[in-house]
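1. here are the coordinates; sequence isn't available:
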């Protein structure tokens, strides 16, 4: 038997997964169409598209929410909390989406980071506003939350670390399709050519955003621990 709240929130998770997935697909189709119209290399454009942390975080969120929905209906009984792998994935997706919302709405809202591709207004709102809000709400009110060990924060941080390394290695090797510039970075604060101090300026931004990831990651795990349950082994009682 499942509680009405768990059923209702699972429906919210399902709708959000579809909504976010549709936003990503819509924007990807626009990027491909723009590449075809201008004669840009489609492989480069698609790779650049998935090199935005916004896109990665939204893809992760859609997949993890869909996973949570499937688990709920396949295995999630009334007393069952999320399995550790799913709980860690939800903590990761929540952290990434919250950071996406914060960084976009404080640093990038008024900047053009689309590399020549028209951004649909509804997909922009879906990926940068609605998605982060729902993932934050999922952390606060979503049912069956499992408490994670503090060490899981380092698993949450693994993807951003790999992404930054990938971005800085790949950036100088890619020609921007829209302008022919002999480098490409997804965001201005990671572009050493746009920073007054070059790579030193980029390092400063990386440290600032890394601190945000650590803070939000620990906050997400802390809230999960406050709300969640910890599976404990059953110990047979000793005979008196």
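-> Perfect, I can see it now. None of the values given here were measured: they were computed from a predicted structure.
2. From now on I want contacts and neighbour counts done on CA atoms only, so please keep to that.
-> Noted.
3. Now do the SS call for the most centrally placed residue in the chain.
-> Nearest to the geometric centre of the chain sits residue 57, at 2.1 Å (Cα atoms, centre = their mean). Counting by DSSP: H, G, I helix; E, B strand; the rest coil, the backbone at residue 57 sits in helix.
4. Looking at residue 106 now. What's its pLDDT?
-> The predicted local distance difference test score for residue 106 is 86.
5. isn't residue 94 right up against residue 135?
-> Yes: if you go by Cα atoms under 8 Å, residue 94 and residue 135 touch, sitting 5.3 Å apart.
6. Between those two, which contacts overlap?
-> Taking Cα atoms under 8 Å, 6 or more residues apart in numbering as the contact rule, the neighbours common to residue 94 and residue 135 are residue 61.
7. Which of the two has more residues huddled nearby?
-> Comparing residue 94 with residue 135 by neighbour count (other Cα atoms under 10 Å), the higher total belongs to residue 94, at 31 against 23.
8. Pull the contacting residues for that one.
-> 61, 132, 135, 136, 139, 220.
9. where's it, which helix or strand?
-> Counting by DSSP states H and E, the element that carries residue 94 is helix 84-103.
10. next helix or strand past that helix?
-> Past helix 84-103, the next helix or strand by DSSP H and E is helix 121-125.
11. Give me the packing partners of that following helix, helices and strands only.
-> Here helix 121-125 is seen to pack against helix 4-38 when contacts are counted using 3 or more Cα pairs under 8 Å, 6 or more residues apart in numbering; DSSP states H and E.
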